[in-house]
Every structure is written in C-alpha cells, then in structure tokens.
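A.B. asks: Okay, sequence plus prediction incoming.
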Number of protein chains: 2
Amino acid sequence: MNIENISANKSFNGWHKQYSHSSETLKCTMRFAIFLPPQASNDNKVPVLYWLSGLTCSDENFMQKSGALRIAAELGIAIVAPDTSPRGNNVADDKSYDLGQGAGFYVNATQAPWNHHYQMYDYVISELPKLVESMFPVNQKRAIAGHSMGGHGALIIALRNPERYRSVSAFSPISNPINCPWGKKAFTAYLGSDQTTWEKYDASKLLSHTTRFVPTRVDQGEADEFLAEQLQTGALESAAKGSGFPLELNYHNGYDHSYYFVASFIEAHLHFHANHLK
Amino acid sequence: MNIENISANKSFNGWHKQYSHSSETLKCTMRFAIFLPPQASNDNKVPVLYWLSGLTCSDENFMQKSGALRIAAELGIAIVAPDTSPRGNNVADDKSYDLGQGAGFYVNATQAPWNHHYQMYDYVISELPKLVESMFPVNQKRAIAGHSMGGHGALIIALRNPERYRSVSAFSPISNPINCPWGKKAFTAYLGSDQTTWEKYDASKLLSHTTRFVPTRVDQGEADEFLAEQLQTGALESAAKGSGFPLELNYHNGYDHSYYFVASFIEAHLHFHANHLK
C-alpha cells in the first residue's frame, strides 16, 4: 500500500499522526490525520469518529483548534480527519475559495473538468475507512461529524448510509445547499445544471423523506454570519418536523461560525457519539 | 486612547477579542488578544494570565490551539496574548524566522536598527498591563506564562519582577539563551557583542543568583527536537539546584515542541496559576 507517515505528535497520551497516500478514488496524493487515543491497541480496537472540515480547511484545522483530542483520549475514540478535496498541480481548481481545491463539497462530480478527481463522497464513505481499518487498531464502529461544508458532508453521508454510521453530528452545516449561493455554485460546477441530481446531496431534502434513522445532532450559533444566507438551519428543522425525524438541534445565543464555537461544544458532541459507539 | 476592537468571538460563554492599538513603547501599531471569562464584570474583576508566544507566532496561536479558554472560563481567569514583536513596514526586520518581526525575544534592544522599536520587555511589563487594567474588568493579580521564546520571556520577566506576578510557568522555554544559537544570534543583534549585557535576559543566570522567589513551573517534552541545542532545560535545573530555588520542573516522555504538547498540559498550568491568583 502506498502510504507514508509524515508527522507524529504525542498528545494527551495518545498520538496525532498525518499520512499521505495515493488515492485510487481521487486519483491524486491525499493527506489525512488520525488521532489514536491511548486506549487503542491491537488487543483493544477503538471506534472512529470521522471529521469533515469546511471550506479552505485541510486535515489540520480540527486537530489543532477544536480541543477534541483531550476528550477523545478520555473516551477512547479515534478521530480521522481527511482533507476537504483532492489536491495537486494536476487537479482542477478555481481561483475562488468556495470551488475547487479546499472545496470538494463531499460529492461525486459528474461534470468535466471536476469529475476526474472530485469524488469525495466515495472517498470518505469507502476508500478512507477501508484504509484506516486495515492500518490502525480501530474497529468498524463509525461516527461522522463536521463543520459548515463538512457539516453538510457529514449529514448527507450519514443519512444516505445509516448502516455505516452509528451517529452523526454537525456544527453550523450548510443545511440546504440546493438553495444557497455556496451550494448552487458548487453543485452547478460539479453536478451540472439538472437540479434533480443535486437533491441526494442536500441534507434538508434527505431529511424530508428519509425513513431510515440515524442519531443526529446539530449545533448552530445564532450570531453566525453565514446563518441566514448560506446555512439555512431552519430548512433542516422544518424538514425534520415534516418527516418526524428526531433531530437534536441546539441553537446557541451569541456564537459565530468560527472554531471558537466548535471548541465550546465539541465535548458535548463527542459524548453524544460515545453513547452510540459503545 | 487609540485602540480598536478588530474581532470578537464568543467562546465557552466568555469572549475572545482582538484589539489593535498604537503602542508608545514600541512606536508602532500592535495587536493583542484577550479572553474574558464569563465571570468577568465591573463588579467582579478577574485576575489575568499573560501568555507570551514563541518564534513566528502572533496573538492568535495560543488562543486557537492551546485549549486554554475552556479552563480559563471555568476558573474565572482572563488571558492576554500580545504579539511576539513590533510589526509594520517601518519596523526593522530580517529575512530569517528567528530575528526581527515575530522574534522580539522580550528584550529591550540597545543596538541599531533594532532599538527604535524592539522594546518588548517594557511593553509586556508596563504598557500592556496598564492598558489592559484600564480597559477591561480585571484586577491587578497577574500571572505570566509562555512557550519556547515566550517561555524564556515569561521566566525572565517574572524572575526580575516578582512583585508584579503571582506565578510564572513555561512550556519548553529557551532556558539559557546566552549559550544557544537562537539566543546568541538574537542577543548579538539586539544587545550587541558585550555578553555581560545579555545575562539579565537569561533565565538560568537569573535563577542561579536570585534571592527573590516567585512560584515557577516548567514543563518540557523529552522528544522535543530543540531540547539539546536550543532549549537546554538542564541548565535551568542546575541553576535552580545551585541557588536552592524551588523550581517545579516536569519532563514528559515522548512529547515534542508543538502545541499538541502545550494543549496536553495547559490545564495543569492554569490550575497552578489559579492557586496563586486567589
């Protein structure tokens, strides 16, 4: 297997490590980070929380800024953070921050030039867990979470694959991408102008008619500068009410879109997942 | 007063804010960050921990990466993080990362071209606390801490001014700068070639003959890539033994120089300071 360890930092008596590997799905070299808690060993395989980051992020933001490692070390949960898109000089890109590299939106692109590399949905669901579960002392109990674009990714991935994930949580997700500027721009480029192909990547659409349940928690800051135009958490709330989906949605007065918000509530998210990963 | 609020993020029910102000001491516009815990109010002024960062850092690294805000919010301690040097197009600089902007070393420079702006010792001891104590709901109970170059800064500042600080702590400090490459390069530039002028900025020298006690804690990773050549924690330990200074020095197997180490032990440091800030 073509995989290389590129960094290792002891933290909270566990290990944060970064790897690069040659991805078959994305047809480029990808980087991901893993935190292995001190409990993890070949005799004691631990569950994994997959974390999907937001626009412009890499595998590093969550590991450095969320404060999650402390709690994961207590609870005995591994964390895996992939990058947010395929990367490289040969990978299609756009000069804007919300399309191309750093902005994969966790979809499988169907349109040129994006479709050759931009298959983040398949990468996150299939190739990455397969790799992680073959290399590290982890079991197949998986949860998934994310922030902003990554919150969108976590929700659509879990809602469409409830057999693969015990639980899902999101901070400030792009809840209704088919109806917001970030989503419309990205989905037009990656998926084309036929909007019926967009709906399977829209958490609010999926929640409005799902019959399969996965424990779902969402936290949203009320002072989030992107809430009204881009995130539209209200659409998710309405969809859940309409379909009777038991969404746990928490609004927080005064909190914005930053990692200062994520850090404030990540402990609650990790305990939420720990309850379902037992 | 010429001061401007440039950001505000709610975090752990307190507030992280960044300010820019016109510094008389440094003769340039400076930025600092403050975390005000939820307990802080005009009727309940809280103590302040000053945090000094390392080479290449700004006011942001500690606030984003250390996980300290959670604990400061619990303990009711404000945190103030200054930048690591004067900044600006008119401020002397050097193309290397370990001299000039981002590398002020918390000294008062005496040599041109540095002496016009590089007066970080005075800024941290005097101008910054005066500003903070006039603007925010904080009292005059102060502690100081830092990492690497900032650990050096915290130690020399507290050891020379025990009347101003209740306690001091350092992660991976440059413990004996007069004898290491980083220190020799910076002190030669800022202070000139007469090494007798360097000793008042050397924690090991100060500890070897101090008669004034301030509670002092140092934590050092044993896998720190800078330990042998640059940090020389052993010199600090020897100096403390020689003078009978009750230094609390903790070595940690496997930990490196990164914020993954700082984050792992910041809770213990904040509790150490809280005990002395009561």
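C.D. replies: Yep, it's here.
A.B. asks: Quick check: chain neighbours aside, which residue is closest to A:Tyr106?
C.D. replies: In this structure, A:Tyr106 finds its nearest non-sequential neighbour in A:Gly153, 3.2 Å apart by C-beta to C-beta, 6 or more residues apart in numbering or on different chains. All C-beta atoms are positioned from the backbone trio N, CA, C, and that covers glycine.
A.B. asks: which ones are touching A:His147?
C.D. replies: Counting by C-beta atoms under 8 Å, 6 or more residues apart in numbering or on different chains, A:His147 touches A:Leu52, A:Ser53, A:Gly54, A:Phe62, A:Ala170, A:Phe171, A:Ser172, A:Pro173, A:Tyr259, A:Val262.
A.B. asks: before we move on, what about A:Gln18?
C.D. replies: Contact partners of A:Gln18, counting by C-beta under 8 Å, 6+ apart, are A:Asn5, A:Ile6, A:Ser7, A:Ala8, A:Arg31, A:Phe32, A:Ala33, A:Asp59, A:Glu60.
A.B. asks: Does the last one touch A:His16 like I think?
C.D. replies: No - using C-beta atoms under 8 Å as the test, A:Glu60 is too far from A:His16 to be in contact (9.8 Å).
A.B. asks: more crowded one of those two?
C.D. replies: The neighbour count for A:Glu60 versus A:His16, taken as other C-beta atoms under 10 Å in any protein chain shown, is higher for A:His16 (23 against 16).
A.B. asks: List the residues that contact the closest residue to A:Phe12 other than its chain neighbours.
C.D. replies: Nearest residue to A:Phe12, sequence neighbours excluded (C-beta to C-beta, 6+ apart): A:Ala73, at 3.7 Å. By C-beta under 8 Å, 6+ apart, the contact list for A:Ala73 reads A:Ser11, A:Phe12, A:Asn13, A:Gly14, A:Phe35, A:Pro37, A:Pro38.
A.B. asks: got the phi/psi numbers for A:Ala73?
C.D. replies: Main-chain torsions, A:Ala73, degrees, to the nearest 10: phi -70, psi -40.
A.B. asks: can you pull the contacts of the residue in the stretch 51-200 of chain A that chain B sits nearest to?
C.D. replies: Closest contact between the stretch 51-200 of chain A and chain B, by C-beta to the nearest C-beta, is at A:Gly67 (4.3 Å). With contacts defined as C-beta under 8 Å, 6+ apart, the neighbours of A:Gly67 are A:Ala263, A:Ile266, A:Glu267, B:Gly67, B:Arg70, B:Ala263.
A.B. asks: Please report the distance of it from A:Phe136.
C.D. replies: For A:Gly67, the distance to A:Phe136 equals 22 Å [C-beta to C-beta, to the nearest Å].
A.B. asks: quick one on the thing from earlier: closest to chain B among the contacts of A:Ala73?
C.D. replies: Nearest to chain B out of these is A:Ser11 (C-beta to the nearest C-beta; 3.8 Å).
A.B. asks: ok, and the closest non-adjacent residue to the closest one?
C.D. replies: Nearest non-adjacent residue to A:Ser11, counting by C-beta to C-beta, 6+ apart: B:Tyr260, 3.8 Å away.
A.B. asks: residues contacting that neighbour?
C.D. replies: B:Tyr260 touches A:Asn9, A:Lys10, A:Ser11, A:His16, A:Leu69, counting by C-beta under 8 Å, 6+ apart.
A.B. asks: Could you count how many residues lie near A:Asn44?
C.D. replies: For A:Asn44, using other C-beta under 10 Å, the count is 10.
A.B. asks: ok now do the nearest residue to it once chain neighbours are set aside, which residues does it touch?
C.D. replies: Nearest non-adjacent residue to A:Asn44, counting by C-beta to C-beta, 6+ apart: A:Pro137, 7.1 Å away. Residues in contact with A:Pro137 (C-beta under 8 Å, 6+ apart) are A:Leu36, A:Ala40, A:Ser41, A:Asn42, A:Asn44, A:Lys45, A:Val46.
A.B. asks: What separation do you get for the first one and A:Asp219?
C.D. replies: In this structure, A:Leu36 and A:Asp219 are 26 Å apart, going by C-beta to C-beta.
A.B. asks: Highest neighbour count among the contacts of A:His147?
C.D. replies: Most neighbours among those, by other C-beta under 10 Å: A:Pro173, with 32 neighbours.
A.B. asks: could you dump the contacts of B:Tyr260 to JSON lines with secondary structure?
C.D. replies: Putting these into JSON lines (DSSP: H, G, I helix; E, B strand; the rest coil) gives the following:
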{"residue": "A:Asn9", "secondary structure": "strand"}
{"residue": "A:Lys10", "secondary structure": "strand"}
{"residue": "A:Ser11", "secondary structure": "strand"}
{"residue": "A:His16", "secondary structure": "strand"}
{"residue": "A:Leu69", "secondary structure": "helix"}
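A.B. asks: How are the strands of the stretch 51-200 of chain A distributed by residue range?
C.D. replies: Listed in chain order, the strands of the stretch 51-200 of chain A (DSSP state E, counting those that start in this stretch) span A:78-82, A:138-147, A:167-171.
A.B. asks: need the residues of the stretch 151-278 of chain A near chain B, please.
C.D. replies: Taking C-beta under 8 Å from any C-beta of the partner chain as the contact definition, the stretch 151-278 of chain A meets chain B at A:Gly221, A:Ala223, A:Gly254, A:Tyr255, A:Asp256, A:Ser258, A:Tyr259, A:Tyr260, A:Phe261, A:Ala263, A:Ser264.
A.B. asks: Filter these down to the buried ones.
C.D. replies: By neighbour count, with 16 or more other C-beta atoms under 10 Å in any protein chain shown, those hold A:Gly221, A:Tyr255, A:Asp256, A:Ser258, A:Tyr259, A:Tyr260, A:Phe261, A:Ala263, A:Ser264 as buried.
A.B. asks: Leaving out chain neighbours, which residue sits closest to the fourth one?
C.D. replies: If you skip the residues right next to it in sequence, A:Ser258 has B:Asn9 as its closest partner in space, 5.2 Å away by C-beta to C-beta, 6+ apart.
A.B. asks: show me what contacts the one you found?
C.D. replies: A:Asp256, A:Ser258, A:Tyr260, A:Phe261, B:Trp15, B:His16, B:Lys17.
A.B. asks: again with A:Glu248
C.D. replies: A:Pro215, A:Thr216, A:Arg217, A:Val218, A:Phe272.
A.B. asks: Partner strands of the helix or strand containing A:Tyr19 and their direction?
C.D. replies: Using DSSP states H and E, A:Tyr19 sits in strand A:14-23. The pairing partners recorded for strand A:14-23 under DSSP bridges are strand A:3-11 (antiparallel), strand A:28-36 (antiparallel).
A.B. asks: Report the mean confidence score over the first one.
C.D. replies: With pLDDT averaged residue by residue, strand A:3-11 scores 97.
A.B. asks: these two touch, right, A:Ala154 and A:Phe171?
C.D. replies: No - with contact defined as C-beta under 8 Å, A:Ala154 does not reach A:Phe171; the gap is 9.4 Å.
A.B. asks: list residues touching both of those two?
C.D. replies: Contact criterion C-beta under 8 Å, 6+ apart; residues shared by A:Ala154 and A:Phe171: A:Ala145, A:Gly146.
A.B. asks: so what's the most centrally placed residue in chain A up against?
C.D. replies: In chain A, the centroid-proximal residue (C-alpha atoms, centre = their mean) is A:Leu52; its distance is 2.4 Å. Shown in contact with A:Leu52 (C-beta under 8 Å, 6+ apart): A:81-82, A:84, A:106, A:124, A:144-147, A:149-151, A:153-154, A:157.
A.B. asks: So what pairs up with it in the strands?
C.D. replies: Counting by DSSP bridges, A:Leu52 is bridged to A:Gly146.
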